[in-house]
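# Give me a 3D structure for the following:
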Amino acid sequence: MQQAIGKYRWTICTLLFFATTINYLDRQVLSLLKPTLEEKFGWSNSDYANIAAVFQFVYAISLLFAGRIIDKLGTKKGYTLAIIIWSLGAAIHALAIPIGQSIATVLGWVGLVSVPVSIAGFMFSRAVLGIGESGNFPAAIKATADYFPKKERSFATGIFNSGANVGAILAPLTVPWIAKNWGWEAAFLIIGSIGFLWLFFWWAFYDTPGKQKRLSSEELSYINSDVHALPETTLPPEKISWYKLLRYKQTWAFTFGKFMTDGVWWFYLFWLPAYLKDQHGISSTGMMLPLAVLYSMTMIGSISGGWFPVYFIRRGYPVYTARIKAMLVIAFIPLLVLLAQPLGHISFWIPIVLIGFGASAHSAWSANIFTTVSDMFPKKAVGSIVGIGGMAGGIGGVLITKLGGTLFDYYKAKGHIETGYTIMFAICALAYLIAWLVMKLLVPKYKAITDL
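Residues are numbered from 1 along each chain as shown. Predicted coordinates for the structure are as follows:
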């Protein structure tokens, strides 16, 4: 059957997978170099939190516009613009000091209080990275909605979303080694340049389904096989106001789910290297294996989580109902993170595995929450809705990052930094159940949006 239908859509999924891998490689370099950079430049946990929060804040605001820009430009051009900007942003971290000096000079001219040179330079670089990276998920979700029928979207999303986990695996295996042998600047330059290589394959293999010459007529029909699927049009997409989108409870359900849970993933990405150093004395190349193991677990979570709704679909449940049931089961798994601190004194591998389960659950959750958008909204609104929810997730990330930095500095001064991590892990463990309950209250039953 698969041979008769064709499988070019999975080539597109592969492109999205590698783009997401590069996306997470680029954003994780800073967290892995935190011990080196804070020693070199004298940063506190709050300083680091402020730098990380700039990325998250700019990413959040940019997501609001990224979805609309991609809806306007189209997936091919929109994704291209995004990866060019974020690759440049990743690479210019290597120039953070001269950039910071220029910023300090300009601020001095206008009589404003300047921040330390290193912090200013890294904040600017993180802001550019955040602007570019905000385009990844709106573009990838839109491409998935274009190339996959609804019943396959969560699985396809789970596959490309696992690129985030692969990026998170590759980063600790490469960044500390590059920094140790060639310097921290080289780590940013080398990792940042990979995105430009991806562009060649993107332009060679991607086009909209209706224009894609490599796509068979049978596969195109299969892609558009949903009952409510509409044929593609060459007319410019209709502009849908944010006000109109915010009138729907479905928008708020997705937005709240992202707000509550995205910050958990940010916390794992930005603070786990610091956790290994603060609580277990592991830094530099010593953290390569533990983090690689942890993020290898999350890759399994992403793919299996994307497949999980199929289990309920095969038992007769409608697609959306099956997805919500799967998300409820997934929401209980992060509760294992509550045991990370009480059992951490036995071996650092215990919290690594427990946090790995929590991070895996996030990947599974993410594959499904993204797909609820294309379940309920027409394709022309998908990018904008993902942008709104992504902005909320970014703001949630800012709050959890700032909270973490404040707690760690406070309890470090008291000699009990482990208390700060206990509080943060508790938040990470409970966030998904809270998110699911509110989402269920807002949208108790499936209702497609048909009046946009």
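
# Gly316: what secondary structure?
coil (DSSP: H, G, I helix; E, B strand; the rest coil).

# Count the residues that sit near it.
The number of residues packed near Gly316 is 8, by other CB atoms under 10 Å. Yep, even glycine has a C-beta here, placed from its N, CA and C like the rest.

# can you pull the pLDDT of it?
On the pLDDT scale, Gly316 is placed at 87.

# next one: phi and psi at it?
Phi and psi for Gly316, reported as degrees, to the nearest 10, are phi 100, psi 0.

# same thing with Lys445?
Phi and psi for Lys445, reported as degrees, to the nearest 10, are phi -130, psi 160.

# Count the neighbours of it for me.
There are 9 residues near Lys445, going by other CB under 10 Å.

# Which pLDDT does the model give it?
The per-residue pLDDT reported for Lys445 equals 84.

# Look up how far Ile70 lies from it.
Using CB to CB, to the nearest Å, Lys445 is found at 30 Å from Ile70.

# Can you list the residue ranges for helices in the stretch 151-300 of the chain?
Secondary structure of the stretch 151-300 of the chain by DSSP state H, counting those that start in this stretch: the helices cover 184-192, 194-205, 217-223, 242-245, 249-280, 288-313.

# as a whole number, average confidence for the fifth one?
What it means is helix 249-280. Across helix 249-280, pLDDT averages out at 92.

# Could you tell me the angle between it and helix 288-313?
Helix 249-280 and helix 288-313 are oriented at 150 degrees to each other (axes from the mean of the first three to the mean of the last three CA atoms, to 10 degrees).

# elements contacting helix 249-280?
In this structure, helix 249-280 makes packing contacts with helix 8-32, helix 34-41, helix 45-73, helix 288-313, helix 349-376, helix 379-413, helix 417-442, judged by 3 or more CB pairs under 8 Å, 6 or more residues apart in numbering; DSSP states H and E.

# Quick check: buried residues in that helix?
Neighbour counts over helix 249-280 (16 or more other CB atoms under 10 Å) mark 250-280 as buried.

# distance between that helix and the chain's centre?
How far helix 249-280 lies from its chain's middle: 9 Å, per CA atoms, centre = their mean, to the nearest Å.

# and the angle for that helix with helix 417-442?
On the basis of the same axes, to 10 degrees, helix 249-280 is oriented at 170 degrees to helix 417-442.

# Over to the last one?
Counting by the same axes, to 10 degrees, helix 288-313 points 20 degrees away from the direction of helix 417-442.

# which residues are contacting stretch 23-33?
37, 51-52, 55, 86-87, 89-90, 93, 122, 126, 129, 133, 136, 163-168, 170-172, 175-176, 179, 184, 187-188, 191-192, 194-195, 269-274, 287 (CB atoms under 8 Å, 6 or more residues apart in numbering).

# could you list every residue that touches the residue nearest to Lys412 when sequence neighbours are not counted?
Of all residues not flanking Lys412 in the chain, Asn45 sits nearest, at 7.0 Å (CB to CB, 6 or more residues apart in numbering). Contact analysis of Asn45 by CB under 8 Å, 6+ apart lists 274, 404-405, 408-409, 412.

# tally of neighbours for Ser284?
Burial measure for Ser284: 16 neighbouring residues, criterion other CB under 10 Å.

# again with the one 5 residues further on
Residue crowding around Leu289 was assessed by other CB under 10 Å; the count is 14.

# Check Leu441 too.
11.

# I'd like the distance between the closest residue to Trp307 other than its chain neighbours and Ala364.
Nearest non-adjacent residue to Trp307, counting by CB to CB, 6+ apart: Phe155, 5.3 Å away. Per CB to CB, Phe155 is found 12 Å from Ala364.

# who's more crowded, these two?
Neighbour count, other CB under 10 Å: between Phe155 and Ala364, Ala364 has more, with 30 against 21.

# Listing request: residues of the stretch 301-450 of the chain with sub-threshold pLDDT.
For the stretch 301-450 of the chain, no stretch is flagged by pLDDT under 70.

# rerun that using 90 as the cut-off
Within the stretch 301-450 of the chain, the stretches with pLDDT under 90 are 301-323, 344-346, 363, 366-391, 394, 443-450.

# contacting residues for Ala168?
Shown in contact with Ala168 (CB under 8 Å, 6+ apart): 24, 28, 269, 291, 295, 298.

# now those as a markdown table including distance to Leu199?
Below are the contacts of Ala168 laid out as a markdown table (distance: CB to CB, whole Å):
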| residue | distance to Leu199 |
| --- | --- |
| Tyr24 | 17 |
| Gln28 | 21 |
| Leu269 | 24 |
| Leu291 | 28 |
| Tyr295 | 25 |
| Thr298 | 26 |
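
# From Gly183, how far off is the nearest residue to Tyr317 once chain neighbours are set aside?
Nearest residue to Tyr317 in three dimensions, chain neighbours excluded: Lys325, at 6.8 Å (CB to CB, 6+ apart). Computed as CB to CB, the Lys325 to Gly183 distance reads 50 Å.

# One more: Val58?
In this view, Val58 and Gly183 are 26 Å apart by CB to CB.

# Now stretch 59-78: buried residues?
Result for stretch 59-78 [16+ other CB under 10 Å]: buried residues 59-71, 73-76, 78.

# One more: stretch 322-342?
Buried residues in stretch 322-342, defined by neighbour count with 16+ other CB under 10 Å: 322-327, 330-331, 333-341.

# And stretch 84-104, by the same measure?
So stretch 84-104, judged by 16+ other CB under 10 Å, has buried residues 85-96, 99-100, 103-104.

# Mean confidence (pLDDT) on it, please.
Averaging pLDDT along stretch 84-104 gives 94.

# which regions of the stretch 151-300 of the chain sit below the pLDDT cut-off?
For the stretch 151-300 of the chain, the stretches flagged by pLDDT under 90 are 151-169, 172, 208-247, 269-270, 277-289, 291-292, 295-300.
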